[in-house]
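[1] Build me a model:
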Amino acid sequence: MTTFPGDTTTPYTRFTPHERDEAPYATGAVTPEPLPLWPFTGREDELHLIRRSLTGARRGLVVTGPAGRGKTRLVTEAVRGTDCARVAGIPQAHRMPFAAFAPLLPESVTLHRAVRLLRGTRTLLVDDAHLLDDSSAALVHQLAVRPDTRLLIVVTDGAPVPAAVSRLWTGELLPRLALDPLPREETAQLVAAGPGGRPLEPLTVNRLHRLAGGDLRLLRELLGALGEHGRLTRVPGTAEWAWRGPVPLTPAVRERTAHLLTRTGPGEREALDRLAFAEPLPVDPVDPESPDGLDLVALERLEDDGLVHVDDQGILRLAHALHGPVLRAAAGRLRARRLARAPEQCGPALAAEAAALTALIEQDDVRTVPAPVGDWLVAQGAPVPAGYAVLRARFARLRGEVREAAAWAREGLRTTPSALSCQAELALAGTQSGDVTGVRHAIGATPVDHPSRDPYEAVRLGTPERAAGRPTGVFAAHADALAHADGPALDRAAGELERRGFLLFAAEAYAQAATAHRDPGAARTARTRAVALARRCQGARTPALAGLVLGELTARQRQIVTLAATGLSNRQIAERLTLSVRTVGNHLYSAYTRLGASDRTALPRLTELRSTDPRSTEPREVQPA
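    Model prediction:
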C-alpha cells in the first residue's frame, strides 16, 4: 500500500540583512539561501473538520478551492502519521484507464476488480481529482458508495470536473469543504513561522495578503523575490521587517495578469491604465462619459469580465491588487508621465478617505472599509501626513488590530516626529499589547475617540476612577452587563460589538461572560467565541483577556506548554510525563498553532499572562520541581 508523503511544499528564501542606505527604514537586505520547507500554520478549524471526517462512521470529505489555496498542504497535514493510500489525477491522461491508480492496481484491470482490490484500503486520498481519467473517476465514485473506505478528495475550482467526481457532493455522497482564503492574521503567522522567516510589520502583511489574494504559492514567490532583490528593511526600534516600493514582477505575477494586457477594445486599455495610476475614481452612470473622461461602455465590458469593481457610492477600482503594478510596469514612459499621480497630489483623495473613516468612528462602526490612497502612499514609502496616520491608527486600534495601529502611528512619526497624537496612539497600542504599566499614562495622554467611549475605555482597562460620565449605546450595554455580572447580557453586548467591528471589545465581553455565566455550556460557548476573536487581535493582552490564553488548550497541552515555558527540552518533558518525545512535539506543535506562537520563545510570556490572572478559578498547572 502506498503511504502518504510527509510534505509536499517547496523551499523558499531566507532574508539576510545588509546595509541599504536608500531604504525608507534604517537597514535591511536579503540574499538567497536555500531553506527547509514552510511549516503548516493556521487552518485549525479546517484541519479538525477533515480529521473528524476520517473517523467513526463518516465516509470522508471533498475539499475544494482555487489553485494555490493550500488544499494539498492541508490534507497532507490532516493524514500525517496515518495509514493512508494516495493517488492523484494526471494531466493529459484522460485516455489511459485507471492512470491515477497505477501505483495501486495491476496494468490490466476491470472496474469491478479494481473495487475488490482496493476493498482493504482504509483511507484513500485523491489529489487533483478534477484531472482523473473516466475510469479512475468511476472507481472513486464506486468506492464512495461502499462503507469500508474513507475518501479524502481534493478538487480545484474553475477546472472541468468529471461527472462521477462532481456527483460525490452534488449527490450528497460526501460533504464538501470549500476552502476560504487564509485569513490575514494566519498569513502573518505563516510568514513568520517559516524557517528563517522574519516577522513582518502589519502594513507589509496587509499588502502581501491583498496581492496574493489567497494564493499561497504566489505569496511564497513574492517573498522569495523580495529576498532576492533586497527589498525587506528593518523597522527601527522593533524586531519587524517592512517592504516599501514596487511589486516584483515575477513570472507568476505576469502569468496571472497577462489577460489585462490583451484588452484592446475601444477605451478599455485607457480605462485600465487610468485606474492603475489614479484609482479610486468616481464614475457617473448617467453621463455617456464619466467626469474623469472614462468611457462608460468600456467600463461596463471590463466590469462584466471581472476586471473592475464599482461600489455602492459609484467609486471605481481595479478588481485585483496585482493589476495596478502590472499595468504601471507595462506603460511606456510618456503614458506614465501623463497618467502618474505624485504623492503630493493625493491631498483631496486622502482627505475624502479621512472624512469617511472619521464618520464611521463617530457612528460607532469600525468595520473594514477600503482606503487605497493611504495604502498606496505607504506601499510607495511616501510620507504619510500625521493627521491621516493617527486616524488610521485609531481605526485599527478600535478594531483590535493593535500591531497595525502601532505601525500606522510609526508612519505618522516618521513624517512628523513631534506628533503628540501619534505618540499617544503608539502608547495605547502598546497598552493593549500587554504594557500594563502604561495604562494610566496612555489613557491620560490619548485624544478622546468619542465621548461615549472615553469612560468606557477607563472601565474596560480597569481604571474606573478616570471615568468622567457614563458610556452610551452599545458601550453602556456592555458596562451595565459587566456591573451586574449578567452573562446573557454580556453575550448580547459582545455580539453587537463584533457586528460593529470592535473585535477586541467583543472578545473582552465574551471573556467576561464566560466567568459570569452560571450555565457551564453557555460559559464554554462564550469562552470559545472570546478565543476566536482574540486570535484576530494581533496578540492583544488586556485585563479582560487574561486567562484565555491557555484555557483553550487540552489539559495535556497546558501541562506540556507550562513545562516547556520553564526551559525544559522535549526529551526532558517526555521523561517527566512518561510520554514519547514525538508525542510531546506533536502537542507543542498543536499548542503553537492555537496560541498563535511560532516557537517556545513566546511560551514564558503566555504562561505568565495566565498565572497572573487574579480572576482565574482554575488550579495552576503543576510546575517542575
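[2] Can you classify the residue of the chain most remote from its centre by secondary structure?
    Within the chain, the residue lying farthest from the chain centre (Cα atoms, centre = their mean) is S108, at 47.2 Å. Following DSSP: H, G, I helix; E, B strand; the rest coil, we place S108 in the coil state.
[3] And it, how far from Q92?
    Per Cβ to Cβ, to the nearest Å, S108 is found 21 Å from Q92. Any C-beta I mention is one placed from the backbone N, CA and C, and that applies to glycine too.
[4] Go ahead and confirm R527 touches A514.
    Yes. Counting by Cβ atoms under 8 Å, R527 does reach A514; the two are 4.0 Å apart.
[5] Those two: which is more packed in?
    A514 (24 against 20; other Cβ atoms under 10 Å).
[6] show me the contacts for that one.
    523-524, 526-527, 530 (Cβ atoms under 8 Å, 6 or more residues apart in numbering).
[7] Filter those residues down to the buried ones and hand me the PyMOL line.
    Here is the PyMOL selection string for the buried members of the contacts of A514, based on 16 or more other Cβ atoms under 10 Å:
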select buried, resi 523+526+527+530
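[8] G60: which of the contacts of A514 is nearest?
    R524 (28.9 Å; Cβ to Cβ).
[9] Which residues are in contact with A164?
    Counting by Cβ under 8 Å, 6+ apart, A164 touches 134, 137-138, 140-141.
[10] mind running it again at 6 Å?
    For A164, the contact set (Cβ atoms under 6 Å, 6 or more residues apart in numbering) comprises 137-138, 141.
[11] confidence score at R440?
    Looking at R440, its pLDDT stands at 41.
[12] Can you list the residue ranges for helices in the stretch 501-625 of the chain?
    For the stretch 501-625 of the chain, applying DSSP state H, counting those that start in this stretch gives helices covering 503-516, 520-535, 548-551, 555-565, 570-577, 581-595, 603-611.
[13] sorry, that was for the stretch 1-150 of the chain
    Counting by DSSP H, counting those that start in this stretch, the helices of the stretch 1-150 of the chain are 44-53, 71-78, 111-117, 134-145.
[14] Adding mean neighbour count and mean pLDDT, write the ones you listed out as CSV.
    Converted to CSV, these look like this (neighbours: other Cβ atoms under 10 Å; pLDDT from 0 to 100):
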stretch, mean neighbour count, mean pLDDT
helix 44-53, 15, 90
helix 71-78, 21, 92
helix 111-117, 14, 92
helix 134-145, 21, 94
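[15] Which among the ones you listed is found nearest to A424?
    From these, taking Cβ to Cβ, the stretch that ends up closest is helix 44-53, at 35.8 Å.
[16] so how far is the closest one from its chain's centroid?
    Relative to the chain's own centre, helix 44-53 is displaced by 18 Å; criterion: Cα atoms, centre = their mean, to the nearest Å.
[17] Using PDB, write out every CA atom in that helix.
    The C-alpha coordinates for helix 44-53 follow below in PDB (Å, rounded to 0.1, in the frame of the first residue of the first chain):
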ATOM      1  CA  GLU A  44      -7.000  24.700  12.700                       C
ATOM      2  CA  ASP A  45     -10.800  24.500  12.300                       C
ATOM      3  CA  GLU A  46     -10.500  23.000   8.800                       C
ATOM      4  CA  LEU A  47      -7.800  20.600  10.000                       C
ATOM      5  CA  HIS A  48     -10.100  19.400  12.800                       C
ATOM      6  CA  LEU A  49     -13.000  19.000  10.400                       C
ATOM      7  CA  ILE A  50     -11.000  16.900   7.900                       C
ATOM      8  CA  ARG A  51      -9.700  14.700  10.700                       C
ATOM      9  CA  ARG A  52     -13.200  14.200  12.000                       C
ATOM     10  CA  SER A  53     -14.400  13.200   8.600                       C
END
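[18] Show me what that helix packs onto, helices and strands only.
    Where contact means 3 or more Cβ pairs under 6 Å, 6 or more residues apart in numbering; DSSP states H and E, helix 44-53 is packed against strand 60-65, helix 71-78.
[19] will you turn those into CSV that also has distance to G265?
    Shown next, in CSV, are those (distance: least, Cβ to Cβ, whole Å):
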stretch, distance to G265
strand 60-65, 32
helix 71-78, 35
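[20] and which of the contacts of A514 is nearest to D83?
    R524 (33.6 Å).
[21] So the closest one versus R535, what's the distance?
    Per Cβ to Cβ, R524 is found 17 Å from R535.
[22] Likewise for E270?
    Applying Cβ to Cβ, the value for E270 to R535 is 45 Å.
[23] Counting neighbours around each, name which of the two comes out higher.
    Per other Cβ under 10 Å, whichever of E270 and R535 has more neighbours is R535, with 23 against 15.
[24] Tell me how far the more buried one lies from D180.
    Computed as Cβ to Cβ, the R535 to D180 distance reads 15 Å.
[25] Quick one: low-confidence residue ranges for this protein.
    1-37, 193-197, 284-293, 434-454, 458-469, 547, 549-552, 593-625 (pLDDT under 70).
[26] domain ranges for it?
    44-178, 184-247, 253-340, 345-441, 465-544, 548-611 (automatic domain parsing).
[27] neighbours of the residue nearest to L143 when sequence neighbours are not counted, just the number please.
    Nearest in space to L143, with sequence neighbours left out and distances taken as Cβ to Cβ, 6 or more residues apart in numbering, is T149 at 4.9 Å. The burial count assigned to T149 is 21, neighbours taken as other Cβ under 10 Å.
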